[in-house]
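>>> Curious how this folds, go ahead:
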Amino acid sequence: MKSNIRDYKGDYIQGHFRKVDDPNGEIWSKNPGNLEAPALTLPFSYEHIHDAVSAAKRSFTIWKRQPVKNRAETLVRYRELLKLKKDDVAYCASFETGKPLWESEREIEETISLIDYFIDQGSQTSVEQKTSNSDGACITRFSSRGVVAIITPASQPILFPHSYFIPALMNGNTAVVKICSQTPILGQLLSEIAHEAGVAAGVLNFIQGNSESARRLVSHSGIDAIFYHGPFETAAKVKKQILNDFWKFTVIETGGKNAQVIWEDCNYSQALYDAIFSSFVTSGQRCSSTSRILVHDKLYTQFLKDFHYLAKKISVGYGLSESFSPFMGPLMSERAVEDYLRFQGIAVREGAEEIMRGKTLERDKKGFYVSPSIHTVEKADPKSIYQKSEIHGPNVAIFRIKDLDEAAEIINQPQWGLVASVYTGAREHFYHLADEIKVGMLHWNRPTTSLSYRLPMGGINKSGNEHPMGSFSGLQCTQMMTCLEDQTRFDINALVKEAPRLEP
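Numbers count the residues shown, from 1 in each chain. So this is what the prediction gives:
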């Protein structure tokens with residue numbers, strides 16, 4: 001794979017690769033952990049967006065009419081090839097995102113489990129919900145939506161695209177995946193796997209491009225549904241773009257200001273380990289990363305000491321190093337580093353105490369490396385920029401709490417609502433928070449980064465539009481039709497004969 005990572009083929013449309021003849025711009029494939037390595041310049045075309053949507057549109061009717069068994073068999077072949085090529089896929093993901101190789105390998109394992117789940121789940125198009133009526137039946141049927149546009153981020157570039165296009169295809173839709181601009185070669189590799197697996201031409205298309213490409217894709221008249229996962233600011237632009245296309249069904253997942261509550265009766269070692277992991281894995285760039293830790297007053301001093309001690313021991317380095325495997329790789333861009341450092345100053349200016357300062361790091365290979373950072377917050381402030389902003393980096397704010405109502409108030413303070421976790425030995429404490437906080441997902445003694453696609457998965461408020469995927473994906477990938485059926489038998493001629501005559 002190392003030798004082939006420079007071989008660019010173009011967009012994957014209608015079952016074959018098409019290079020760009022008349023480019024509208026360029027994106028780059030580069031390693032944020034090794035900036036001295038040559039970057040691959042890749043042209044993209046807005047014209048290819050129309051071609052990809054048209055291909056998906058042409059293929060839709062044939063694909064949706066395929067028996068569910070046939071769709072499943074296609075995805076089984078895809079899964080087997082993904083497993084076969086997992087080393088190449090993991091290497092490519094780590095090369096373009098900078099994340100450690102062990103993390104990309106784990107992401108592939110999770111992706112394969114996800115594919116298995118959606119194949120086993122079957123298709124919502126096979127479901128009919130029936131209820132009785134006095135003179136007939138009430139039936140709800142489900143049909144495929146059509147052409148789905150899929151846009152996902154680089155934080156988990158293997159898992160996220162599959163979490164949308166696998167259930168979309170399983171439920172009879174066709175798809176156009178706009179590859180994240182930071183992972184173009186990974187997108188090409190997934191295209192090659194789809195091609196080799198025999199996914200019918202036009203059913204699954206991959207296009208390269210920038211943010212303008214995404215805008216043009218979602219606004220294309222041939223798009224029936226939009227599955228978006230990425231920054232809140234871009235999500236707001238997507239919603240604005242389709243105001244006049246209100247009929248386009250949209251699933252939106254953004255980020256979060258996720259909190260972990262550590263109560264006095266918790267398993268302390270477990271809570272401490274999970275806090276370190278969920279705060280700093282993927283360099284704190286996951287949408288599910290823990291960015292706030294709320295610690296009971298009785299544990300606060302000890303936890304702060306232990307958390308700081310472990311954070312200083314976190315290894316940061318080149319994700320593809322052959323000599324050692326770091327826990328954290330670099331941030332993904334120079335802008336991410338600038339924003340991360342800027343929030344260090346904002347936190348202090350707003351009164352947070354700096355326990356561990358985030359700074360740039362030099363490593364053997366030049367890259368966007370930073371150290372973890374920790375701040376303590378004495379009082380929750382709804383006006384604080386630091387306390388309410390999602391920071392795409394390894395930063396944690398630690399709060400001291402005395403009761404669960406205070407914890408709930410802090411969790412609800414920002415407008416985010418993705419995921420929270422509570423570490424306690426008492427079920428009633430978990431239920432108390434569940435009743436009071438506004439999040440789409442709440443975990444008990446599990447880290448915020450521990451997500452299950454066997455449950456409805458999505459956020460509320462700024463974190464999502466309450467159309468969860470996961471186990472609800474079949475509902476999001478189909479549209480309902482309700483039918484009232486009159487099943488009585490009668491003689492229409494007799495009915496007309498016996499009907500009262502109307503005087504002129």
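>>> Let me know whether residue 353 touches residue 374 as I believe.
No: applying Cβ atoms under 8 Å, one finds residue 353 not in contact with residue 374, separated by 9.3 Å. Using the backbone N, CA and C atoms, a C-beta is placed for each residue, glycine as well.
>>> So for these two, which sits in the more crowded spot?
Using other Cβ atoms under 10 Å, the more surrounded residue of residue 353 and residue 374 is residue 374, with 23 against 12.
>>> measure that one to residue 317 for me?
In this structure, residue 374 and residue 317 are 20 Å apart, going by Cβ to Cβ, to the nearest Å.
>>> neighbours of the nearest residue to residue 297 once chain neighbours are set aside, just the number please.
Spatial nearest neighbour of residue 297, chain neighbours left out: residue 402 (5.0 Å); criterion: Cβ to Cβ, 6 or more residues apart in numbering. Residue 402 has 11 neighbouring residues, counting by other Cβ under 10 Å.
>>> just how off-centre is the longest helix seen in the chain within its chain?
Looking across the chain with DSSP state H, the single longest helix is helix 101-121. A distance of 14 Å separates the centroid of the chain from that of helix 101-121, by Cα atoms, centre = their mean, to the nearest Å.
>>> what's the answer for stretch 69-77, then?
Relative to its parent chain, stretch 69-77 has a centroid offset of 24 Å by Cα atoms, centre = their mean.
>>> Check which helices and strands the longest helix of the chain is in contact with.
Packing contacts for helix 101-121, counted by 3 or more Cβ pairs under 8 Å, 6 or more residues apart in numbering; DSSP states H and E, involve helix 68-84, helix 86-97, helix 159-170, helix 473-476.
>>> Can you list the buried residues in that helix?
Within helix 101-121, the residues that count as buried by 16 or more other Cβ atoms under 10 Å are 101, 103-105, 107-108, 111-112, 114-115, 117-119, 121.
>>> Residues touching it, excluding its own?
Helix 101-121 is contacted from outside by 72, 75-76, 78-79, 82-83, 86, 89-91, 93-94, 97, 156, 158-159, 162-163, 166-167, 170, 281-282, 319-320, 325, 329, 453-454, 471, 473-474, using Cβ atoms under 8 Å, 6 or more residues apart in numbering.
>>> how does it look with 7 Å?
72, 75-76, 79, 82-83, 86, 89-91, 93-94, 156, 158-159, 162-163, 166-167, 170, 282, 319-320, 325, 453-454, 473-474 (Cβ atoms under 7 Å, 6 or more residues apart in numbering).
>>> Filter those down to the buried ones.
For the contacts of helix 101-121, buried by 16+ other Cβ under 10 Å: 72, 75, 79, 82, 86, 89-91, 93-94, 156, 158-159, 162-163, 166-167, 170, 282, 319-320, 453, 473-474.
>>> Quick one: neighbours of residue 258, just the number.
With other Cβ under 10 Å as criterion, residue 258 counts 30.
>>> Which secondary structure state does the closest residue to it other than its chain neighbours sit in?
Counting by Cβ to Cβ, 6+ apart, residue 448 is the residue found nearest to residue 258 once chain neighbours are left out, at 4.4 Å. Here residue 448 is coil, with the state taken from DSSP: H, G, I helix; E, B strand; the rest coil.
>>> and the gap between residue 448 and residue 422?
Distance, residue 448 to residue 422, using Cβ to Cβ: 10 Å.
>>> Without its sequence neighbours, what residue ends up closest to residue 181?
residue 27 (4.6 Å).
>>> Let me see the domain layout of this structure.
Following automatic domain parsing, one finds the domains of the chain at 11-254+464-483, 258-452.
>>> right, so of the ones you listed, which gets closest to residue 458?
domain 11-254+464-483 (3.2 Å; Cβ to Cβ).
>>> still on that earlier bit, contact partners for the residue nearest to residue 181?
Residue 27 makes contacts with 42, 44, 181, 184, 208, 210, as judged by Cβ under 7 Å, 6+ apart.
>>> Mind listing the residues bridging to the second one?
Pointing back at residue 44 there. On the basis of DSSP bridges, residue 44 is bridged to residue 25.
>>> I figured it was touching residue 213, is that so?
Yes: between residue 44 and residue 213 there is a contact under Cβ atoms under 7 Å: 6.3 Å.
>>> circling back to that earlier point, CSV for the domains of the chain, including distance to residue 458?
Converted to CSV, these look like this (distance: least, Cβ to Cβ, whole Å):
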stretch, distance to residue 458
domain 11-254+464-483, 3
domain 258-452, 5
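>>> surely residue 381 meets residue 388?
No: in this structure residue 381 lies outside contact range of residue 388 using Cβ under 7 Å: 8.8 Å.
>>> Give me the three-state assignment for residue 63.
From three-state DSSP, the assignment for residue 63 is helix.
>>> Could you pull up the residues touching it?
172, 174, 200, 203.
>>> repeat that with 10 Å
56, 70-71, 74, 144, 169, 172-175, 199-200, 202-204 (Cβ atoms under 10 Å, 6 or more residues apart in numbering).
>>> and if you look at residue 18?
Taking Cβ under 10 Å, 6+ apart as the test, what residue 18 contacts is 9-12, 45, 47-48, 51-52, 207.
>>> Residue 171 now?
Per Cβ under 10 Å, 6+ apart, neighbours of residue 171: 64, 68, 71, 118, 121-126, 142-145, 148, 473-478.
>>> how about 8 Å then?
Taking Cβ under 8 Å, 6+ apart, one finds 123-125, 144-145, 473-474, 477-478 in contact with residue 171.
>>> Just put the residues you listed in a markdown table and tack on distance to residue 132.
Output for these, formatted as a markdown table (distance: Cβ to Cβ, whole Å):
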| residue | distance to residue 132 |
| --- | --- |
| 123 | 25 |
| 124 | 22 |
| 125 | 23 |
| 144 | 28 |
| 145 | 29 |
| 473 | 29 |
| 474 | 24 |
| 477 | 28 |
| 478 | 24 |
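>>> measure the residue nearest to residue 393 when sequence neighbours are not counted to residue 413 for me?
Nearest residue to residue 393, sequence neighbours excluded (Cβ to Cβ, 6+ apart): residue 340, at 3.6 Å. Counting by Cβ to Cβ, the separation of residue 340 from residue 413 is 22 Å.
>>> in what helix or strand does the closest residue to residue 467 other than its chain neighbours lie?
Spatially, and ignoring its direct neighbours in sequence, residue 467 is nearest to residue 251 (4.5 Å; Cβ to Cβ, 6+ apart). Secondary-structure assignment from DSSP states H and E places residue 251 in strand 249-253.
>>> Residue 325 - that's part of a helix, no?
No: using three-state DSSP, the assignment for residue 325 is coil, not a helix.
>>> Now do the helices in the stretch 351-500 of the chain.
Counting by DSSP state H, counting those that start in this stretch, the stretch 351-500 of the chain has helices at residues 385-388, 404-412, 427-436, 473-476, 492-498.
>>> Reformat these as JSON lines; add distance to residue 297.
Formatted as JSON lines, these follow (distance: least, Cβ to Cβ, whole Å):
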{"stretch": "helix 385-388", "distance to residue 297": "19"}
{"stretch": "helix 404-412", "distance to residue 297": "10"}
{"stretch": "helix 427-436", "distance to residue 297": "15"}
{"stretch": "helix 473-476", "distance to residue 297": "42"}
{"stretch": "helix 492-498", "distance to residue 297": "78"}
